[in-house]
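Enquirer: Below is the sequence, then the predicted model.
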Protein chains: 2
Amino acid sequence: VLICNAMEREEGAKSGYPVETYHSYRLIDLITEGGSGSEGHLRMMAEILKKHGVSGKVAFYGRATPGDGYHLISRLPGLVPGVEVISETGRTLIDDACLTKDPAEVAALRDVAARTNAVMGEIVDFIKSHKAKDSVLVQADGSPLTVRDVKRYLRERLYNRDLENDGEPIFAVGRDAGIPHSHGEDSDPLALGKAIIFDLFPRALDTGYLHDMTRTFCIGYAPPEVEEAYEQVGHIFHDVMETLGPGVACADLQGKVCDFFKAHSHDNIRDNVQATTGYVHGLGHGVGFEIHEAPGMYSYSKDILQPNQVITIEPGLYYPDRGFGVRIEDTILIDDKGEVHSLTPFPKDLVIPVSEA
Amino acid sequence: VLICNAMEREEGAKSGYPVETYHSYRLIDLITEGGSGSEGHLRMMAEILKKHGVSGKVAFYGRATPGDGYHLISRLPGLVPGVEVISETGRTLIDDACLTKDPAEVAALRDVAARTNAVMGEIVDFIKSHKAKDSVLVQADGSPLTVRDVKRYLRERLYNRDLENDGEPIFAVGRDAGIPHSHGEDSDPLALGKAIIFDLFPRALDTGYLHDMTRTFCIGYAPPEVEEAYEQVGHIFHDVMETLGPGVACADLQGKVCDFFKAHSHDNIRDNVQATTGYVHGLGHGVGFEIHEAPGMYSYSKDILQPNQVITIEPGLYYPDRGFGVRIEDTILIDDKGEVHSLTPFPKDLVIPVSEA
């Protein structure tokens, strides 16, 4: 049963669930009697549970202010006899339910994957359509092509396929690419020979499911140190792809990547939790209706991979003071038979060739 | 002091605040010792308060799962001697701080207002650029112009001005316009003589502030019942604009609107909380960094208007079974001298004239 504001009743009915409105539970009267909107909502929640004959364990999900969460959980049992309120923290029942995907979810994730890969291709084509002058890409009027220009075109291309990035996409040039969650500077020109990390994670506006992919590009040419780092990241990416599958521990996969980078003289976050150069983050995470779902692929993760999971694999190396970072990220399906498929077939070529203006 | 994940440190530094990272508080060790990520985060919060010598009243804001909010508030005092955790519910200190706007906020709200009004004009021009055939607007290829087409063009125009609607904008035709929060059906054609409610509430991507405006349109012509309802809504809109200012109670303004509609034989939400036709919602709300801020302009509101507030005024009439709804919404500034200014100068003409194909 979906219970919502009367104004939202038709949007609610699209869910297919029976819809009731707050008015049926005397919300306004309860607010007036209780003296505040929050008190009224708490009392309405009690009315809802009573009317539906709910008893035993009750849990609350979604997002609220910490204070509202505290009041709901601490005070509701006193208002509804026979109700025990569960106060889960950290990973919840809903998070556990999202650990695996059913066939309809897998279909939606495949669909948003195909659309996202197509947009990635359109952006690379857009970049390629520009010529180089004085070590930067330039537009028809001779002005430099900037991160802002790319992001504007990107938004248009996303919307054209009913996609919307879930927050600001990452298009980070040079030093910014060396800081994993830097979104990039709008005014930065697309300069030749700099590593560009392009991390795209759009939501399908029709289904609500997400795709998450990252490619690293150098325009024109790649400096040797970027090329070397990129080869190492590509190597361990493929090693992980060969290794992962049902029964594999997420912590072991992260450990494998840390071992590899350590052997190649990079600092890593398992051996140095304060690392800000080298390999500085987790190997991946679940993707579904939210961009970061369980499992999280950290050294301290207790998760074991299983069939019907959709996760990212995203090793990277970061050297902001040397002006670069590289990352490769595919979204991966472990299917119902335990077979592993990348949902991100877009090529992993580092260099985007361009010609001089 | 802003404390964040190391990967976010550069984005955090853009705030201008001193930035510390979770690593400085041994997050990973605490997770390992505590057995879970949420336990580790709770212990880290305790470390943060201790290191910064925090004592006395502490409050938490933002959004969390209800369970995480409950654990934070109920357990933290036991971990940090001398700390008392406040559990505000409903309107918080932050909400109160947002009741009024400082000069920089007013400037940002004026700026996003101007950009939003310009986009509204571009959309009306876009609609006008189409001709009518068989009672619907058609595109160059003869196919009907749909809500989907308008929303796609809208998104492009928004991005062109660094705006992004805060959720799905409302572009609701005919019966859908009769349900205040129906977003409209993508496949609906823009039919002549139907009321269209267009509620646009974009966020400026640069400043983060929002504008909120609604216009009602009939393409080609307006049926008499829509015209009559629209005239009444326009009448009370202007009456409210003449009345509002510092010292005026929000509940009285809502009461004035309910009185007026009642006198014109419309059901209203004050006299019938279950009303789904007539005037079915509050008169307005604060706008700032969130789309719905305090004050809320309901019958039970205790807020008194004051200088330096930015609020919406949005009376409407809704008759879904008769196939229409109408609403007018401006965002209003009560300035530091108590003078009232609409930030939404876009014309309120009901009919968009078009020619036949």
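Expert: Now that the structure is in, tell me what you want to look at. Residues are numbered from 1 along each chain as shown, chains lettered A, B, ... in the order given.
Enquirer: Now do the buried residues in the strand or helix carrying residue A:112.
Expert: Element membership of residue A:112 [criterion: DSSP states H and E] is helix A:103-128. In terms of neighbour count (16 or more other CB atoms under 10 Å in any protein chain shown), helix A:103-128 has its buried residues at A:105-106, A:108-113, A:115-117, A:119-120, A:122-124, A:127. Glycine gets a C-beta too; all of them are placed from N, C-alpha and C.
Enquirer: For that helix, name the packing helices and strands.
Expert: Packing contacts for helix A:103-128, counted by 3 or more CB pairs under 8 Å, 6 or more residues apart in numbering or on different chains; DSSP states H and E, involve helix A:147-160, strand A:163-165, strand A:195-200, strand A:202-204, strand A:213-219, strand A:309-313, strand A:330-334, strand A:351-352.
Enquirer: hmm, the fifth one touching chain B?
Expert: Spelled out, it's strand A:213-219. No: under the criterion of CB under 8 Å from any CB of the partner chain, chain B is not reached by strand A:213-219; the shortest gap measures 13.2 Å.
Enquirer: and that strand, what other elements does it pack with?
Expert: helix A:103-128, strand A:195-200, helix A:224-243, strand A:324-327, strand A:351-352.
Enquirer: could those go into a markdown table alongside distance to residue B:179?
Expert: Shown next, in a markdown table, are those (distance: least, CB to CB, whole Å):
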| stretch | distance to residue B:179 |
| --- | --- |
| helix A:103-128 | 27 |
| strand A:195-200 | 35 |
| helix A:224-243 | 49 |
| strand A:324-327 | 45 |
| strand A:351-352 | 48 |
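Enquirer: Save the ones you listed as CSV, and put in mean pLDDT and distance to residue A:78 too.
Expert: Shown next, in CSV, are the helices and strands packed on strand A:213-219 (pLDDT from 0 to 100; distance: least, CB to CB, whole Å):
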stretch, mean pLDDT, distance to residue A:78
helix A:103-128, 98, 38
strand A:195-200, 98, 47
helix A:224-243, 98, 51
strand A:324-327, 98, 50
strand A:351-352, 98, 63
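Enquirer: Which one of these lies nearest to residue A:75?
Expert: Taking CB to CB, helix A:103-128 is the member of the helices and strands packed on strand A:213-219 nearest to residue A:75, at 35.6 Å.
Enquirer: sorry, back to before: now the helices and strands packed on helix A:103-128 in CSV, with mean neighbour count?
Expert: Shown next, in CSV, are those (neighbours: other CB atoms under 10 Å in any protein chain shown):
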stretch, mean neighbour count
helix A:147-160, 19
strand A:163-165, 21
strand A:195-200, 26
strand A:202-204, 23
strand A:213-219, 24
strand A:309-313, 26
strand A:330-334, 24
strand A:351-352, 18
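Enquirer: a markdown table for those, including distance to residue A:39?
Expert: Converted to a markdown table, the helices and strands packed on helix A:103-128 look like this (distance: least, CB to CB, whole Å):
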| stretch | distance to residue A:39 |
| --- | --- |
| helix A:147-160 | 42 |
| strand A:163-165 | 36 |
| strand A:195-200 | 44 |
| strand A:202-204 | 35 |
| strand A:213-219 | 46 |
| strand A:309-313 | 42 |
| strand A:330-334 | 44 |
| strand A:351-352 | 59 |
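Enquirer: Great, nothing more from me.
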